[in-house]
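Participant: Build the 3D model from these lines:
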Amino acid sequence: MRTAVCSIALNTQSRDDHAGQRPPNTSKTWRRRHRGRRTEGGAAARRRWNMAEKSKVVSIPDKLSVRELAELLDVSPIEVMKMLISSGIMANINQTVDYDTAAIVATDLGFEIEQELPPEVEELEEVPRPAEPAAIPEEVPLREMYAQEAAEDLKARPPVVTVLGHVNHGKTSLLDYIRHTNVVAGEAGGITQHTGAYQVEHAGKKVTFIDTPGHEAFTAMRARGAQVTDIAVLVVAADDGVMPQTKEAIDHARAANVPIVVAINKIDKRGADPEGVKKQLADVGLTVEDWGGHTIAVPVSAKEGTGVDTLLDMILLVSEMSDIRANPDRPAMGTVIEGKLDRSRGPSATLLVQNGTLSVGDDVVIGEIYGRIRAMFDDAGKRIDSAPPSFPAVVLGLSDVPQAGDVFRVVSDDKTARELAAEKAEEKEAARQAPVRALSLEDIYAQIKAGAVKEFNVILKADVQGALEPVVNSLQQLGDQNLKVRIIHQGIGSITESDVSLAIASEAIVIGFNVGVEPIARTMAETEGVEIRTYRVIYKLVEDIDKALKGMLEPVYEDIVIGHAEVRAVFRAAKLGRVAGVYVEDGSIQRDARARVLRDGEEVFDGKLASLKRFTDDVDEVPAGQECGVGLQGFSEFQEGDSLEVYRRERVA
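Facilitator: Just a heads-up that it's a prediction; the model follows:
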């Protein structure tokens, strides 16, 4: 079985979005500097080629692709690409290199070379050739935490990898195989503990894996502000293919703007169909290299270990091309991967260092939590003194248990840590009391005018595929050159907690067509302020989005009656004037509700409650069967016998 080889291009763009290609560096200066150079990849290849039966003379044409060069030299395209990369050339498997570049690679592999002369042909008018696809999409900006670092202070760090995919496609088995066969040197025999992250070593280089339960956890961390993952490995079973959770994982990885490497797992099983999987991947926008695309796809067997080394090679190769760097010589900052309470040791947390170096004795602040690192361990339970960038360390000494996705940073001293934690606690309490407000449809136009929104992010769910497609097509026709509707995820079925989590992380609105909302998703959306809109008619759905884009959408509210009360006495209050002493007949009266005053069946006032008291105490709610005092904003003309209809005004669209 032939293993697909990597393209340097990352999967953060579609295969057609490749403007601004960087061509291979084949200048004369580069050739003089590198002619006869021996790279590490070349040395390894020469050792394999120390065989008398192999021909040492090759004829090289003026131009050929990396794939053709590898076939000509009878070596893996990966080997050729590594040699090109080590020499400063960015080339994917389908990219063309010239004679001089190919000759240097062949020479490094121990070949004698001769130039293949082109056949004589009739001179024809030259026809312009289409542009080559770009090898690398536009570089993603470094994360905010690196923004103030001087370039000379940044050094290469290990990539941080998250493994995603459909349930039972072998994510855990793949991680287990990688971990138990690639332990970092010196850690063999250590007691493995669950830390949420661990580091392995391959080909002399380290890779950090985040062990999350799935793409929901991956996105939940993003929703809390964490930007952890450098590379996403998408596991797809060769005997099952692309499934609904596979598509969700792809959308979550794309929304996070991280490159995707596909591991086609279970190739050892009867009924495995890697080529069928590649077709399905192409259908969802991940066209693999040997189909002419730019997606790295490696057939593997987590059970037998087949292809796992190649997968790790590809991860390291993508890491090199992504220029993953950090400054180890500064106070540490990073993200909480996992937190728990240990009965004997107190609060502990797995901290992923993303910049700087974390050391025992450092004072840290994590939101409203603070502490001094009094002990630190690696994922094997071995005590360590410091943790460099991309290292996951288990720490002790915190004031409380932090949540996954919280950001930590080292500060100058304990006093500063306590002050910052106290400020954060005050901010959190103020935010808790303030009304939750997320990006809503009527907010969009104002943000467009301010230049704050360029894409309108939508998560779309429908009951059947036949309904989903026309909705997608209609939404994609909306907007103009300044604002586009971006559907970051679409799927079949009810709106789930995962959809809401992705909406939080991506500042998106969730739209459902002929589907319901799962209770846990609705609760989460209300808590986090995510707007969910459901529709039964396509034209109404499209009309609302179009109005939002044009700034004409008005919110729709519904009054929900929560209780009734009878006015039995009227009192005078110093600040409010006249207030009503009422008996709650049914439901309840709530402090933040509204009330209608009804007299002889006619409404005489409608407004907000100004006060709610039981005896002399302010209260938030009074249930049926009890008496209380009620004051209304802007109204004091109560009469005995009046009725109060208490209600809440809830937005429904």
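
Participant: what about stretch 395-413, start to end distance?
Facilitator: 17 Å (CA to CA, to the nearest Å).

Participant: where exactly do the strands run in the stretch 101-250 of the chain?
Facilitator: Here the stretch 101-250 of the chain has its strands, by DSSP state E, counting those that start in this stretch, at 112-115, 155-156, 160-165, 197-202, 205-210, 231-237.

Participant: Tabulate the ones you listed (a markdown table), appending mean neighbour count and distance to residue 647.
Facilitator: C-betas here are computed from N, CA, C, even on glycine. Shown next, in a markdown table, are the strands of the stretch 101-250 of the chain (neighbours: other CB atoms under 10 Å; distance: least, CB to CB, whole Å):
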| stretch | mean neighbour count | distance to residue 647 |
| --- | --- | --- |
| strand 112-115 | 13 | 86 |
| strand 155-156 | 13 | 61 |
| strand 160-165 | 26 | 45 |
| strand 197-202 | 21 | 50 |
| strand 205-210 | 22 | 47 |
| strand 231-237 | 26 | 47 |
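
Participant: Show me the contact partners of the longest helix seen in the chain.
Facilitator: Ranked by residue count, the top helix of the chain under DSSP state H comes out as helix 414-433. The list of residues contacting helix 414-433 from outside it, by CB atoms under 8 Å, 6 or more residues apart in numbering, reads 363, 364, 365, 367, 368, 369, 370, 371, 372, 399, 411.

Participant: Likewise for stretch 240-255?
Facilitator: 11-12, 164-169, 214-215, 218-219, 222, 232, 234, 236, 260, 266, 273, 276-277, 280-281, 283-286, 488-493, 498, 502, 505-506.

Participant: Let me see the mean pLDDT of that stretch.
Facilitator: In this model, stretch 240-255 carries a mean pLDDT of 86.

Participant: in that stretch, what counts as buried?
Facilitator: By neighbour count on 16 or more other CB atoms under 10 Å, the buried set for stretch 240-255 is 240-243, 245-255.

Participant: From residue 256, how far off is residue 172?
Facilitator: Remark: distance between residue 172 and residue 256 (CB to CB, to the nearest Å) = 21 Å.

Participant: So the two - more neighbours on which side?
Facilitator: residue 256 (21 against 14; other CB atoms under 10 Å).

Participant: Hmm, the more buried one is touching residue 229, no?
Facilitator: Yes: judged on CB atoms under 8 Å, residue 256 makes contact with residue 229 at a distance of 6.4 Å.

Participant: that older thread, tell me which of the contacts of helix 414-433 fall in strands.
Facilitator: Judged by DSSP state E, these include 363, 364, 365, 369, 370, 371, 372, 411 as members of strands.

Participant: Mind telling me the two of the buried residues of stretch 240-255 farthest from one another?
Facilitator: Maximum pairwise distance in the buried residues of stretch 240-255, criterion CB to CB, is 24.0 Å, between 240 and 255.

Participant: Residue 415: neighbouring residues, count only.
Facilitator: Residue 415 has 11 nearby residues by other CB under 10 Å.

Participant: cool, residue 632 as well?
Facilitator: The burial count for residue 632: 25, using other CB under 10 Å.

Participant: For it, give me its contacts.
Facilitator: 595, 597, 605, 607, 608, 609, 610.

Participant: how about a cut-off of 7 Å?
Facilitator: 595, 605, 607, 609, 610 (CB atoms under 7 Å, 6 or more residues apart in numbering).

Participant: So what pairs up with it in the strands?
Facilitator: With DSSP bridges as the criterion, residue 632 is bridged to residue 609, residue 635.

Participant: For it, report the pLDDT, please.
Facilitator: We have a pLDDT of 92 for residue 632.

Participant: same thing with residue 25?
Facilitator: Looking at residue 25, its pLDDT is 41.

Participant: Isn't residue 320 up against residue 84?
Facilitator: No: with contacts counted by CB atoms under 7 Å, residue 320 stays clear of residue 84, the gap being 11.4 Å.

Participant: who has more neighbours, the two?
Facilitator: Neighbour totals were compared for residue 320 and residue 84, and residue 84 leads with 26 against 16 (other CB under 10 Å).

Participant: Specify the local secondary structure of that one.
Facilitator: helix (DSSP: H, G, I helix; E, B strand; the rest coil).

Participant: can you list the weak-confidence ranges in the stretch 351-500 of the chain?
Facilitator: Residue ranges of the stretch 351-500 of the chain with pLDDT under 70: 429-454, 480-482.

Participant: Mind jotting down where the helices sit in it?
Facilitator: 414-433, 441-449, 465-476, 497-506 (DSSP state H, counting those that start in this stretch).

Participant: who wins for proximity to residue 209 among these?
Facilitator: Comparing the helices of the stretch 351-500 of the chain by CB to CB, helix 497-506 comes nearest, at 20.7 Å.

Participant: and that closest one, C-alpha only, in PDB?
Facilitator: Included here for helix 497-506 are C-alpha records, laid out as PDB according to Å, rounded to 0.1, in the frame of the first residue of the first chain:
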ATOM      1  CA  GLU A 497     -24.400  21.800  23.300                       C
ATOM      2  CA  SER A 498     -21.500  21.300  20.800                       C
ATOM      3  CA  ASP A 499     -23.200  23.800  18.500                       C
ATOM      4  CA  VAL A 500     -23.500  26.400  21.200                       C
ATOM      5  CA  SER A 501     -19.900  25.900  22.300                       C
ATOM      6  CA  LEU A 502     -18.700  26.500  18.800                       C
ATOM      7  CA  ALA A 503     -20.900  29.600  18.600                       C
ATOM      8  CA  ILE A 504     -19.300  31.000  21.800                       C
ATOM      9  CA  ALA A 505     -15.800  30.300  20.500                       C
ATOM     10  CA  SER A 506     -16.500  31.800  17.000                       C
END
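
Participant: how close does the nearest residue to residue 621 once chain neighbours are set aside get to residue 162?
Facilitator: Closest residue to residue 621 apart from its sequence neighbours, by CB to CB, 6 or more residues apart in numbering: residue 590 at 4.9 Å. Separation of residue 590 from residue 162 (CB to CB): 43 Å.

Participant: next one: residue 345
Facilitator: For residue 345 relative to residue 162 (CB to CB), the value is 28 Å.

Participant: what does residue 565 give?
Facilitator: 55 Å.

Participant: ditto for residue 617
Facilitator: Between residue 617 and residue 162 the distance is 52 Å, computed by CB to CB.

Participant: can you pull the contacts of residue 176?
Facilitator: Counting by CB under 7 Å, 6+ apart, residue 176 has no contacts.

Participant: per-residue confidence at it?
Facilitator: Residue 176 is assigned 88 on the pLDDT scale.

Participant: distance of it from residue 302?
Facilitator: From residue 176 to residue 302 the distance is 8 Å (CB to CB).

Participant: what do these two both touch?
Facilitator: If you check residue 176 and residue 302 against CB under 7 Å, 6+ apart, no residue is contacted by both.

Participant: quick revisit: please check the contacts of residue 632 and keep the buried ones.
Facilitator: Using 16+ other CB under 10 Å as the burial test, these include 595, 605, 609, 610 as buried.

Participant: ok, so of the residues you listed, who is nearest residue 198?
Facilitator: Using CB to CB, these come closest to residue 198 at residue 609, 55.1 Å.

Participant: Okay, domains of this protein per the record?
Facilitator: 57-115, 155-326, 333-430, 448-552, 557-651 (the TED database).

Participant: Which pLDDT value belongs to residue 618?
Facilitator: On the pLDDT scale, residue 618 gets 88.

Participant: so who does residue 198 touch?
Facilitator: Listed by CB under 7 Å, 6+ apart, the contact partners of residue 198 are 179, 209, 211, 379, 392.
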